[in-house]
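*Asks:* Only the shape, not the letters, is given here:
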């Protein structure tokens, strides 16, 4: 697919897939409806971001444009099980990940079409596809390309890249692969506790052997030496992380380098906040929604593997009870099945709905289809004994 072919996806306000009449009505009515004893609010922005919607539309177009050819995804197109399951039903094959079937169709061939997910791909995967000569459909989100460009600059200037991200996340793996392919070094930190260990080794409060022994597998580049490779540091982040945490980690690293280098810290530290604009807006919108409340609870809909969805739950959890659910199947009357933002475990909570009139806020991760969010809104209202016909109008 050429650049010209992607022009049809250039309107960030256009919804290309998985439209929900209920969610469209909520958007049109300012994100509010009242039904029975429930006041429903939706965040100003939520759900499929433009990059995700674009990626899903590009896979659907590839299916239409290449009839009779096998269509492969390197891995999940996005972190939503429903969307990936839908593509599998359409005949798309998955090379790896939870939807893969290694023995289903044999290996890749030159005649196949391969889709690079919205998260991007490792340099090794890209080289493999080039060598095979198969047709490639690259759905990499433009926001993901931004930190890639900055990492290349860091490497060229002799700076180590510190990535605020998750070691096993596809986007972070792609960034690490890019740095390594250019002969640079990287270090991945997931949260502030890990960042503090980096600061301690920079200032000399932590021995470098102890520091290296405490790193997770894959969290640093091969041959990483804190004495050498934390002398000049540049930061980026996985685009779906919690923005406030990224800012705090950047401030921590800068302070540690300032303690080490004093007034010349500017020669040793660079930063670039690469949080996706949609991710930032979705996080901000949760707090804005609470100002319209007060909210009695928040329901966050999205895949359990979705980093940005987990972080939406963390934002809300600081203010009111917040539940990260996969979809309507998580709600069974007085019981809700959800992912704990603290432990990551799937738990069940009873008595989660307040008595009497209450306000519930809804938001959804950037990989969550509107249809799934709409069905979840209806499931919550049903659990509150609101008749279905009472939800037919804003």
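*Replies:* Nice, I can see it. On a predicted model such as this, the values are computed, not experimentally measured, just so you know. Numbering: from 1, shown residues only.
*Asks:* Setting aside sequence neighbours, what's the nearest residue to residue 142?
*Replies:* In space, and not counting its chain neighbours, residue 142 is closest to residue 51: 6.6 Å by C-beta to C-beta, 6 or more residues apart in numbering. For the C-beta atoms, the positions are set from N, CA and C on the backbone; glycine is no exception.
*Asks:* any chance you could map the helices in the stretch 151-300 of the chain?
*Replies:* For the stretch 151-300 of the chain, applying DSSP state H, counting those that start in this stretch gives helices covering 170-181, 192-203, 208-213, 226-229, 243-261, 277-292.
*Asks:* Out of these, which is the most enclosed?
*Replies:* Ranked by mean neighbour count, the helices of the stretch 151-300 of the chain are led by helix 170-181 with a mean of 23 (mean count of other C-beta atoms under 10 Å).
*Asks:* can you pull the contacts of the nearest residue in space to residue 208 that is not next to it in sequence?
*Replies:* Of all residues not flanking residue 208 in the chain, residue 226 sits nearest, at 4.4 Å (C-beta to C-beta, 6+ apart). Residues near residue 226 by C-beta atoms under 8 Å, 6 or more residues apart in numbering: 201, 202, 208, 211, 212.
*Asks:* go again using 10 Å as the cut-off
*Replies:* Taking C-beta atoms under 10 Å, 6 or more residues apart in numbering as the criterion, residue 226 is in contact with 160, 187, 198, 201, 202, 206, 207, 208, 209, 211, 212, 220.
*Asks:* Reformat those as a markdown table; add pLDDT and distance to residue 255.
*Replies:* As requested, those are exported to a markdown table (pLDDT from 0 to 100; distance: C-beta to C-beta, whole Å):
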| residue | pLDDT | distance to residue 255 |
| --- | --- | --- |
| 160 | 98 | 17 |
| 187 | 98 | 17 |
| 198 | 98 | 11 |
| 201 | 98 | 14 |
| 202 | 97 | 10 |
| 206 | 97 | 15 |
| 207 | 95 | 20 |
| 208 | 96 | 19 |
| 209 | 96 | 24 |
| 211 | 97 | 18 |
| 212 | 97 | 22 |
| 220 | 98 | 21 |
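*Asks:* Closest one of those residues to residue 351?
*Replies:* For the contacts of residue 226, the residue nearest residue 351 by C-beta to C-beta is residue 198; the value is 42.2 Å.
*Asks:* That closest one reaches residue 189, doesn't it?
*Replies:* Yes: with contact defined as C-beta atoms under 10 Å, residue 198 reaches residue 189; the gap is 6.1 Å.
*Asks:* Common neighbours of those two, please.
*Replies:* Common contacts of residue 198 and residue 189 (C-beta under 10 Å, 6+ apart): 162, 215, 249, 252, 253.
*Asks:* What separation is there between residue 224 and residue 360?
*Replies:* 47 Å (C-beta to C-beta, to the nearest Å).
*Asks:* Looking at these two now, which is surrounded by more residues?
*Replies:* Shown here are residue 224 and residue 360; by other C-beta atoms under 10 Å, residue 360 has more neighbours (24 against 18).
*Asks:* Spell out the secondary structure type for the more buried one.
*Replies:* The local conformation at residue 360, judged by DSSP: H, G, I helix; E, B strand; the rest coil, is strand.
*Asks:* Just list the residues touching it, thanks.
*Replies:* 38-42, 293, 295-299, 320-321, 323, 353-354, 377, 380-381, 384.
*Asks:* repeat for residue 391
*Replies:* Residues counted as contacts of residue 391 (C-beta under 10 Å, 6+ apart) are 22, 25, 33, 35, 36, 38, 40, 374, 377, 378, 381, 382.
*Asks:* isn't there a strand covering the third one?
*Replies:* Pointing back at residue 33 there. Yes: when three-state DSSP is applied, residue 33 is found to be in a strand.
*Asks:* Correct me if wrong: it contacts residue 41.
*Replies:* Yes: with contact defined as C-beta under 10 Å, residue 33 reaches residue 41; the gap is 8.7 Å.
*Asks:* so what sits against both of the two?
*Replies:* With C-beta under 10 Å, 6+ apart, residue 33 and residue 41 have common neighbours residue 26.
*Asks:* remind me which residues of the stretch 1-150 of the chain are low pLDDT?
*Replies:* Within the stretch 1-150 of the chain, the stretches with pLDDT under 70 are 1-17, 102-106.
*Asks:* Repeat the analysis, applying 90 as the threshold.
*Replies:* Within the stretch 1-150 of the chain, the segments meeting pLDDT under 90 span 1-19, 25, 28-29, 47-53, 78-82, 96-97, 100-109, 141-143, 146.
*Asks:* go on, the stretch 201-350 of the chain?
*Replies:* For the stretch 201-350 of the chain, applying pLDDT under 90 flags the ranges 239-244, 272-284, 287, 289-294, 305-308, 311, 314-320, 341-343.
*Asks:* Distance from the chain centre to stretch 258-265, please.
*Replies:* 34 Å (C-alpha atoms, centre = their mean, to the nearest Å).
*Asks:* should've said stretch 115-134
*Replies:* 20 Å.
*Asks:* Would you mark the buried spots in it?
*Replies:* 115-122, 125-126, 129, 132, 134 (16 or more other C-beta atoms under 10 Å).
*Asks:* before we move on, back to that, quick check: the gap between the residue nearest to residue 142 and residue 166.
*Replies:* Counting by C-beta to C-beta - residue 51 and residue 166 are separated by 18 Å.
*Asks:* Compare the two (neighbour count), which wins?
*Replies:* residue 51 (24 against 21).
*Asks:* is it true that the more buried one touches residue 77?
*Replies:* No: contact criterion C-beta under 10 Å: residue 51 and residue 77 do not qualify, at 11.4 Å.
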